[in-house]
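J.: Sharing a model that was predicted from the sequence below.
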Amino acid sequence: MSQTTLTYEQVSDKQAAMLPANEQSRVSAIACRMLDLVVALAALVLLAPVLLVIALWIRLDSRGPALFRQERRGHGMEPFVVNKFRSMQVNTPNDEHVAYVQSLIAGDAERKEKLFKLVADERVTSAGRVLRKSSLDELPQLINVVLGNMSLVGPRPCLDYELEKYPQHAFGRFAVKPGITGLWQVSGRSQLSFDEMIALDLDYARQRSLRFNVKILLRTLPVVLFGRGAA
């Protein structure tokens with residue numbers, strides 16, 4: 001099943017429904033961007049050997065490239081290409097995932113093993129299961145942070161087939177850049193419903209600041225170490 005592509009008119013209508021986020025001062029905005037750049041660049045340099053080992057592991061584990069690149073919606077619902085380590089077999093259908101995500105947004109999805117997420121997904125590779133559980137598959141998004149289309153902290157980036165089902169109140173999450181981590185990720189992640197995720201994203205959009213970002217980054221460490229809410 002191919003991804004749904006939203007038309008310009010559809011995106012414009014949804015952008016008009018966006019809720020305003022907290023207005024950062026110029027100094028605060030620059031400070032947050034500097035934090036993103038310093039941390040992301042330092043992490044890419046320090047983790048370079050780890051990134052190389054993971055890339056080789058993925059290539060040996062299954063056929064296909066080490067990186068998975070996918071168009072998503074970010075700040076202002078603008079499209080951009082997100083980078084991740086590939087955790088699935090190549091050229092596999094995603095019909096089941098699309099159906100589950102859309103039922104999750106509609107409030108009809110059921111928890112599976114206490115998670116609002118597809119579990120035992122046959123598309124996921126052996127290496128991919130470890131990478132997802134440890135969140136290591138997200139590390140290439142540090143490149144997105146350096147490029148400026150993502151932040152270290154923010155809502156997760158959205159796919160078109162998710163966006164087209166969003167209720168009007170959800171569009172405030174696009175008033176800020178998407179992030180590698182965020183309030184949703186440190187508050188339960190896939191243990192939370194769609195409505196709970198949106199409430200946290202909107203709360204972040206209203207409170208965003210350098211201090212708040214640092215606080216979330218510190219809360220991310222134990223979440224990643226213990227794999228809370230990951231699958």
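T.: Looks like it arrived, so ask away. Residues are numbered from 1 along each chain as shown.
J.: just the strands in this structure please.
T.: For the chain, the strands defined by DSSP state E cover 67-73, 79-85, 151-153, 179-181.
J.: Nearest to residue 93, out of these?
T.: Across the strands of the chain, residue 93 has its closest neighbour in strand 67-73 (15.1 Å, C-beta to C-beta). Placement of C-beta: from N, CA and C, glycine included.
J.: tell me how far the closest one is from the chain's mean position?
T.: Put simply, strand 67-73 sits 10 Å off its chain's centre (C-alpha atoms, centre = their mean, to the nearest Å).
J.: Residues in contact with that strand: which ones?
T.: Residues from elsewhere that reach strand 67-73, judged by C-beta atoms under 8 Å, 6 or more residues apart in numbering: 3, 55, 79-88, 140, 157-160, 163, 174, 178.
J.: what do you get if the cut-off is 10 Å, keeping everything else the same?
T.: Residues outside strand 67-73 that contact it (C-beta atoms under 10 Å, 6 or more residues apart in numbering) are 3, 5-6, 11, 14, 55, 58, 78-88, 90, 128, 137, 140, 143-144, 149-150, 156-160, 162-163, 174, 178.
J.: could you dump the strands of the chain to JSON lines with distance to residue 46, mean neighbour count and mean pLDDT?
T.: Below are these laid out as JSON lines (distance: least, C-beta to C-beta, whole Å; neighbours: other C-beta atoms under 10 Å; pLDDT from 0 to 100):
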{"stretch": "strand 67-73", "distance to residue 46": "19", "mean neighbour count": "15", "mean pLDDT": "95"}
{"stretch": "strand 79-85", "distance to residue 46": "17", "mean neighbour count": "18", "mean pLDDT": "97"}
{"stretch": "strand 151-153", "distance to residue 46": "15", "mean neighbour count": "26", "mean pLDDT": "97"}
{"stretch": "strand 179-181", "distance to residue 46": "16", "mean neighbour count": "26", "mean pLDDT": "97"}
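J.: hang on, the earlier thing: list buried residues within the contacts of strand 67-73.
T.: Among the contacts of strand 67-73, those classed as buried by 16 or more other C-beta atoms under 10 Å are 6, 11, 14, 55, 58, 80, 82-88, 128, 137, 140, 144, 149-150, 156-160, 162-163, 174, 178.
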